[in-house]
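Student: Predicted coordinates and the sequence they were generated for:
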Amino acid sequence: MTTTTPAPRDEVRPGVITVFSDIWCSFAHVAMHRLHTTRKRLGLEGRVRLDHRAFPLEMFNNGPSPRPGTDSEVGGVAHIEPEAGWQLWRAPDWKFPSTSLPALEAVQLAKEQDLEASERLDLALRRAFWAQSRSIGAYAVVLAVAKETEGIDPRPIAEGLAEGRARALIARDFLCAKEHGVICSPHFYLPDGSDHANPGVAARWHGAYGTGFPEVTANDRGVYETILERAAS
């Protein structure tokens, strides 16, 4: 097969962890909370940055994530990292997002400011969905979160969303993930050439997604120290 996008390992940089994920993935919500809190505890905030790339689940699954599926993940996954912020969907049913693409696009647009801005917006959008029941598929909601997030200039993000400037970047990441074996959301790529899919966590599903529920079968927070120390070195 002829590849049309660079492999993730070809684009890593010193001191940067490349993160493929989706915002409405509960395992990625756990992973981002652990990355941020562990990085702060280790004093590595100035030495390790995150380069967010999209792993758009709706494009892999040919449809959006259903509310019963994400609610079951709150019940099955939230207990391993409760401080990340969680709740069952509490807004009206009709406000449940039918897409996460606007949120993923906004994170890419925030990179035009710098990686730290994209990190801040990514984390804020995850909390908006998982902990606040906000409809991250709506441009107005995404822009409201951007305005509320410290260190973000929302104006170029609004302009970029209006122009559709980042949609091609999401399509690029989707093709990259398909062509180069990105396994899941989240999947990390480190400067030393190693990669880590859903680090420290394993789970199995009982029943089909949307009608069944997940069971976490392994949970090792300590792997994040290793990942961050390797990225810093």
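Tutor: Perfect, thanks for sending it.

Student: can you give me the strands in the protein?
Tutor: For the chain, the strands defined by DSSP state E cover 16-21, 49-54, 187-189, 195-197, 201-206, 213-219.

Student: Quick one: closest of the ones you listed to Glu150.
Tutor: Smallest distance to Glu150 across the strands of the chain (Cβ to Cβ): 16.8 Å, for strand 49-54. Glycine gets a C-beta too; all of them are placed from N, C-alpha and C.

Student: Give me the angle between the closest one and strand 16-21.
Tutor: 30 degrees (axes from the mean of the first three to the mean of the last three Cα atoms, to 10 degrees).

Student: just checking, what packs against strand 49-54?
Tutor: strand 16-21, helix 101-110, helix 115-130, helix 167-180 (3 or more Cβ pairs under 8 Å, 6 or more residues apart in numbering; DSSP states H and E).

Student: tell me the most buried of the ones you listed?
Tutor: Ranked by mean neighbour count, the helices and strands packed on strand 49-54 are led by helix 101-110 with a mean of 26 (mean count of other Cβ atoms under 10 Å).

Student: Show me the contact partners of stretch 161-174.
Tutor: Residues outside stretch 161-174 that contact it (Cβ atoms under 8 Å, 6 or more residues apart in numbering) are 5, 20, 53-56, 59-60, 101-102, 104-106, 108-109, 139, 142-143, 160.

Student: excluding its backbone neighbours, what's nearest Trp86?
Tutor: Excluding its sequence neighbours, the residue lying closest to Trp86 (Cβ to Cβ, 6 or more residues apart in numbering) is Ala78, at 4.0 Å.

Student: Isn't that neighbour up against Ser26?
Tutor: Yes: counting by Cβ atoms under 8 Å, Ala78 sits close enough to Ser26 to count as a contact (7.4 Å).

Student: In terms of neighbours, single out the busier of those two.
Tutor: Ser26 (27 against 20; other Cβ atoms under 10 Å).

Student: And for the residue nearest to that one when sequence neighbours are not counted, the neighbour number?
Tutor: In space, and not counting its chain neighbours, Ser26 is closest to Glu73: 3.8 Å by Cβ to Cβ, 6+ apart. Look at Glu73: counted by other Cβ under 10 Å, it has 23 neighbours.

Student: Any chance of CSV for the strands of the chain, columns mean pLDDT?
Tutor: Below are the strands of the chain laid out as CSV (pLDDT from 0 to 100):
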stretch, mean pLDDT
strand 16-21, 98
strand 49-54, 98
strand 187-189, 98
strand 195-197, 97
strand 201-206, 95
strand 213-219, 96
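
Student: OK, contacts around Ala117?
Tutor: So Ala117 contacts 110-111, 151-153 (Cβ under 8 Å, 6+ apart).

Student: meant to ask about Leu123, not that
Tutor: So Leu123 contacts 32, 36 (Cβ under 8 Å, 6+ apart).

Student: Having no further points to raise, I will conclude here.
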